[in-house]
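**Q** Sequence and predicted structure below; questions after.
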Amino acid sequence: MSNLETEPAEIVCANTSGTEADADVVILQPRDVPLGGPRAMGVRRTLPQRERSLIGAWCFIDHYGPDDVSVTGGMVVPPHPHTGLATASWLFAGEVEHRDSVGSLALVRPGELNLMTAGAGISHSEVSTPNTTALHGVQLWIALPELTRHQDPHFENHIITPVRQDGVTLHVFIGALAGHIAAAAGDTPLLGAQIDLPAGSSINLAVEPSFEHGMLVDTGTVTLAGTALRSTELGFAAAGRTSIRLENVGDGPARVLLLGGEPLGEQIVMWWNFIGRSHDEVVAWRAQWQAEVIDGADAAGRFGHVAYHGAALPAPALPNVRLKPRG
C-alpha cells in the first residue's frame, strides 16, 4: 500500500534495540491517518512513531477496517513506487487486486501472504475487487538491509496453512514459530504470525532471544507477558526473552499479529514510499519517479510500468529541509 499522505514527514529510524532496562512491555497507541480524499479509507498507524521506529526490520504497520466498502469506496491505490523495502499484505476480510511492474497480477485474500520485494525499485497498484463488501487487514513494510536493498524486485504469494496448538490457531506467514516454518523468510531474521485465541485461552510460545517482538491486537483484549493490550494497540517487548505468554482476558475471541526480528542495526530514512540511507538518495528516486513515470520519459526505467487503467500517483513535494539522520 502507498503512503498517501500529501505531506509525508521525514522519518529517521535508528538502531533502537532493546536493553535490560526495557524489560516491561511498552504499549504504543495508533494514530489515525486518512488515505486520500473525504471518502478515502482511514488507517491506524502504529509504526513508526516517536517512541519506536523499528521492531526488528518491521518499519511500518497500517491497520485498517473493518470498513464498509459502500461507504469508504474501498481501496483504490494507483501505481506508486517503492525502494529499499518489502511490503507484506495480510487480510482478515475482503479481496485486493495487486499489479506490479515485474508483471505480477495477484489477489490478496485472507489466509494468504503477498510479499513484494522492491529492492532497487518497483511500482504497483492495489484495488479492492468489486465483490468486496468489507475490507479489513494490515499492511506491513520490512526494511531491507544494506546487503540486499539494491537487489532486483520480485513478488511472492504464499497460501498459509493454519495449525492449532493448545486450542489456539497459528497462521505463521514469515519465519518460524512453535515448530512451524513459513515458506517466506525475509532478508533478515523475521517472524510474522496471526494468532487466534478463543475466549479463556492462553499459549506459551518459545521465541528467539535475539528477537524483539511486537503484538498488534486486532480484536479482543490479550496480555503479552502479563501486560494487557486492547484492540488497535501495539505492545513492544525487547530482545532477551526465550518465551512469551499470550492470554485472552476478554469476553470473546481475540485475534493478534505477532511480529518479531533481530534488530536491524542500521539507520534508515523513510519518506513517502521510499526507504533510503540519505537525503540525496531519496531526492534522486523522487526525481526518477516523476520523470520516468509521471512525465512518461522512460517506461522501462527504475520503476517500470504497471498495467493499470488510470494514471500513476505523483510524488508529493519534498520538505524544505535536508532529510538526514538525527538519531
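**A** That came through, no problem.
**Q** where are the low-confidence patches of the stretch 1-150 of the chain?
**A** Under the criterion of pLDDT under 70, the regions of the stretch 1-150 of the chain flagged as low confidence span 1-23, 36-40.
**Q** Show me the strands in it, by range?
**A** Per DSSP state E, counting those that start in this stretch, the stretch 1-150 of the chain carries strands over the ranges 11-13, 26-28, 31-34, 42-47, 58-68, 76-82, 85-93, 96-100, 105-108, 112-117, 122-128, 134-143.
**Q** will you turn those strands into a markdown table that also has mean neighbour count and distance to residue 233?
**A** Just so you know, the C-beta spots here come from the backbone N, C-alpha and C atoms, and that holds for glycine as well. As requested, these are exported to a markdown table (neighbours: other CB atoms under 10 Å; distance: least, CB to CB, whole Å):
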| stretch | mean neighbour count | distance to residue 233 |
| --- | --- | --- |
| strand 11-13 | 19 | 21 |
| strand 26-28 | 17 | 6 |
| strand 31-34 | 12 | 12 |
| strand 42-47 | 22 | 8 |
| strand 58-68 | 21 | 10 |
| strand 76-82 | 23 | 26 |
| strand 85-93 | 23 | 17 |
| strand 96-100 | 21 | 25 |
| strand 105-108 | 16 | 25 |
| strand 112-117 | 22 | 23 |
| strand 122-128 | 24 | 26 |
| strand 134-143 | 23 | 14 |
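**Q** May I see the ones you listed organised as JSON lines, with distance to residue 299 added?
**A** JSON lines is the format used below for the strands of the stretch 1-150 of the chain (distance: least, CB to CB, whole Å):
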{"stretch": "strand 11-13", "distance to residue 299": "30"}
{"stretch": "strand 26-28", "distance to residue 299": "41"}
{"stretch": "strand 31-34", "distance to residue 299": "31"}
{"stretch": "strand 42-47", "distance to residue 299": "30"}
{"stretch": "strand 58-68", "distance to residue 299": "28"}
{"stretch": "strand 76-82", "distance to residue 299": "11"}
{"stretch": "strand 85-93", "distance to residue 299": "22"}
{"stretch": "strand 96-100", "distance to residue 299": "14"}
{"stretch": "strand 105-108", "distance to residue 299": "18"}
{"stretch": "strand 112-117", "distance to residue 299": "19"}
{"stretch": "strand 122-128", "distance to residue 299": "10"}
{"stretch": "strand 134-143", "distance to residue 299": "26"}
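**Q** For residue 313, which of the ones you listed is the nearest?
**A** strand 76-82 (4.3 Å; CB to CB).
**Q** which helices and strands sit right next to that closest one?
**A** Contact partners of strand 76-82 among helices and strands, from 3 or more CB pairs under 8 Å, 6 or more residues apart in numbering; DSSP states H and E: strand 122-128, strand 274-276.
**Q** Now residue 108. Nearest residue, chain neighbours left out?
**A** Ranked by CB to CB, 6 or more residues apart in numbering and with sequence neighbours excluded, the top spatial neighbour of residue 108 is residue 96, at 4.1 Å.
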